[in-house]
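Novice: Here you go, sequence then predicted model.
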Amino acid sequence: MSGGGANWGGAAYDPARNLLIVNMNNVAHHIQLIPAEQVGEARKVFHDQEVSPQAGAPYGMKREILLSPLDVPCTPPPWGVLAAVDLGTGRIVWRKPLGEMMGVTLGLPTLGGPIMTASGLTFIGGTMDDRLRAFDSATGELLMDWKLPAAGQATPMTYRHEGRQYVVIQAGGNPRAEGKLGDAVLAFALP
């Protein structure tokens with residue numbers, strides 16, 4: 001399962017609570033090995049799918065999400081989850097489905113990681129429902145759910161200016177994923 005486990009967007013560490021906040025996907029993929037010399041031709045044939053050479057390997061690969069006839073992942077939801085792990089015990093402290101479809105929180109596949117503030121807030125976009133969310137890092141309680149002008153499939157960043165902290169996210173979407181495409185950068189000022 002290449003879409004399972006920790007997402008490529010990384011994790012956020014809370015040193016005060018010794019928590020690692022991890023964005024995870026649970027989506028099965030069909031992966032097919034292709035002889036290296038045939039990868040170029042396979043890219044032309046499967047132009048709408050991921051076909052990648054593997055540098056130094058005798059094979060490349062073609063990968064696609066394993067979908068049902070309803071065009072949803074074959075694995076049961078939640079497909080996207082945000083979880084906090086106690087690094088001292090290895091115990092999952094909290095786990096929340098991330099993303100909704102038609103008003104139901106299913107946990108959608110995600111692309112992008114979380115960022116954490118010293119005040120104990122975890123921010124994450126990454127979902128296909130075009131939202132930026134803030135969670136209480138200690139409890140997982142959802143504190144903010146903001147509709148973005150396009151999919152925020154990116155890891156937010158934070159900075160301080162003149163004594164005030166800001167959280168910024170690029171809302172541009174991803175043409176290979178569901179979600180609205182756009183070209184916006186949004187900054188949120190924290191109290």
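Specialist: Looks like it came in fine.
Novice: pretty sure residue 17 is touching residue 136, no?
Specialist: No: shown here, residue 17 and residue 136 do not form a contact pair, counting by Cβ atoms under 8 Å, at 10.7 Å. Just so you know, the C-beta spots here come from the backbone N, C-alpha and C atoms, and that holds for glycine as well.
Novice: Now for those two: what residues contact both?
Specialist: Common neighbours of residue 17 and residue 136 (criterion: Cβ atoms under 8 Å, 6 or more residues apart in numbering): residue 120.
Novice: pLDDT weak spots in the protein?
Specialist: The chain contains residues with pLDDT under 70 at 1-8, 176-179.
Novice: just the helices in it please.
Specialist: Using DSSP state H, the helices of the chain run over residues 39-45.
Novice: Contacts only, for residue 113.
Specialist: Residues in contact with residue 113 (Cβ under 8 Å, 6+ apart) are 7, 8, 9, 10, 11, 12, 23, 124, 126, 155.
Novice: Repeat that for residue 11.
Specialist: 20, 21, 22, 23, 113, 114.
Novice: run the last query once more with 7 Å
Specialist: By Cβ atoms under 7 Å, 6 or more residues apart in numbering, residue 11 lies in contact with 20, 21, 22, 113, 114.
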